[in-house]
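K.L.:
sharing a model that was predicted from the sequence below.
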Amino acid sequence: MSNQQEITQKELIELRTAIKRELRESPPTIGLVGVSGVGKSTTINTLFKTELPTSDTVACTKDFEAIDLQLKLNKGEMEGETTQLRIIDAPGLGENILNDPKYIRRYKRHLPNCDLIIRIFSARNRAVALDQYYLKELSSFHNNMVFALNQVDIVEPMNWDNRINLPSEEMEVNIQIIEKDRAEKLSNILQSNLDIISYSAKHGFNLEQLFYMVVEKAPQNRRWIFDGLKNFSYSDFIPEGVRGYLMD
């Protein structure tokens, strides 16, 4: 082996070591936020194969929770290496006016630790004043947000086609109308156009497109990390079983 080859191999080992250290000390982190009841925890459970508590009647998430997932990168300099993906589940806003000031303060404290934020809205809720208000409160994070519309499976006339796991033609028309309506109302707050991706956490519909949009939105200085996740399906994640609460 020539000296040039030895140097190249040594540099490659040093590079992989440095990348491993960066991933260990500062793993790629995605936060999920939204008003109470939009399905944040259900989205995490379906997308990342976790088992967070959920409820159809009352709010379950009262604290910021960090869930660490283990996955193997399938491209780039770190192909074949195992890394972590950290998911942060936030308490739902709007459940109780007495809690909102505290929650918003905590949002502003924890969201800077996220590379990306999935801002979830409910397709079944036509009243968006609260969503507009919270967008104003969290204006400093707009550039890191992906906007997603959950619960499209209960858009009228609610005749989801279970044979192919897709909305009916009638539902699809109404979903597109809802997407346009929400985009217009939220764009007024953001003062810029935005794209909304519709999905159903319950049916696993459009989750891969949602994840791809998240990866595409990665900040430039961390893009090299998320590029290794581009080819992942939501069925590829392997939970480590590591779950912890983030302190105030």
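P.N.:
Looks like it arrived, so ask away.

K.L.:
contact partners of stretch 90-104?
P.N.:
31-38, 40, 59, 61-64, 106-107, 110, 130, 134, 137-138 (C-beta atoms under 8 Å, 6 or more residues apart in numbering). For every residue, glycine as well, the C-beta is placed using N, CA and C.

K.L.:
wait, Met158 touches Glu170, no?
P.N.:
No. When contacts are counted by C-beta atoms under 8 Å, Met158 is not listed as touching Glu170 (9.6 Å).

K.L.:
picking up where we left off before, so which of the contacts of stretch 90-104 sit within helices?
P.N.:
Among the contacts of stretch 90-104, the members falling in helices (DSSP state H) are Lys40, Arg106, Tyr107, His110, Leu130, Tyr134, Glu137.

K.L.:
among those, which one sits closest to Leu166?
P.N.:
Lys40 (23.5 Å; C-beta to C-beta).

K.L.:
run a quick neighbour tally on the nearest residue to the closest one once chain neighbours are set aside.
P.N.:
Excluding its sequence neighbours, the residue lying closest to Lys40 (C-beta to C-beta, 6 or more residues apart in numbering) is Leu32, at 4.5 Å. Per other C-beta atoms under 10 Å, the neighbour tally for Leu32 reads 24.

K.L.:
could you look up the SS state of Glu208?
P.N.:
On the three-state scheme (DSSP: H, G, I helix; E, B strand; the rest coil), Glu208 is labelled helix.

K.L.:
neighbours of Ile104, how many?
P.N.:
Neighbours around Ile104, by other C-beta under 10 Å: 15.

K.L.:
which strand or helix spans it?
P.N.:
Secondary structure assignment for Ile104, by DSSP states H and E: helix 100-110.

K.L.:
residue nearest the centroid of this structure?
P.N.:
Most central in the chain under C-alpha atoms, centre = their mean is Ile118, positioned 4.0 Å from the mean C-alpha point.

K.L.:
three-state assignment of it?
P.N.:
Put simply, Ile118 is strand when judged by three-state DSSP.

K.L.:
now swap in Thr83 and tell me
P.N.:
Thr83 - assigned by three-state DSSP - is strand.

K.L.:
just to revisit the earlier point, tell me the spacing between the residue nearest to Lys40 and Ser168.
P.N.:
Per C-beta to C-beta, to the nearest Å, Leu32 is found 28 Å from Ser168.

K.L.:
any regions of the chain where pLDDT drops low?
P.N.:
1-7, 11-12, 15-16, 18-19, 52-62, 72-81, 228, 230-248 (pLDDT under 70).

K.L.:
please enumerate the helices of it.
P.N.:
Under DSSP H, the chain gives helices at 3-25, 40-48, 100-110, 129-137, 169-190, 207-216, 223-226.

K.L.:
now those helices as CSV including distance to Ala123?
P.N.:
What follows is these, written out as CSV (distance: least, C-beta to C-beta, whole Å):
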stretch, distance to Ala123
helix 3-25, 35
helix 40-48, 13
helix 100-110, 23
helix 129-137, 12
helix 169-190, 5
helix 207-216, 14
helix 223-226, 27
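
K.L.:
how about those, which one is nearest Asp153?
P.N.:
That would be helix 169-190 among the helices of the chain, by C-beta to C-beta, at 8.3 Å.

K.L.:
show residues contacting that closest one.
P.N.:
Taking C-beta under 8 Å, 6+ apart as the rule, helix 169-190 contacts 121, 123, 126, 128, 131-132, 135-136, 142, 147, 149, 152, 155-160, 166-167, 193-196, 198.

K.L.:
filter the residues you listed down to the buried ones.
P.N.:
121, 123, 128, 131, 135, 142, 147, 149, 152, 155, 160, 167, 194, 196, 198 (16 or more other C-beta atoms under 10 Å).
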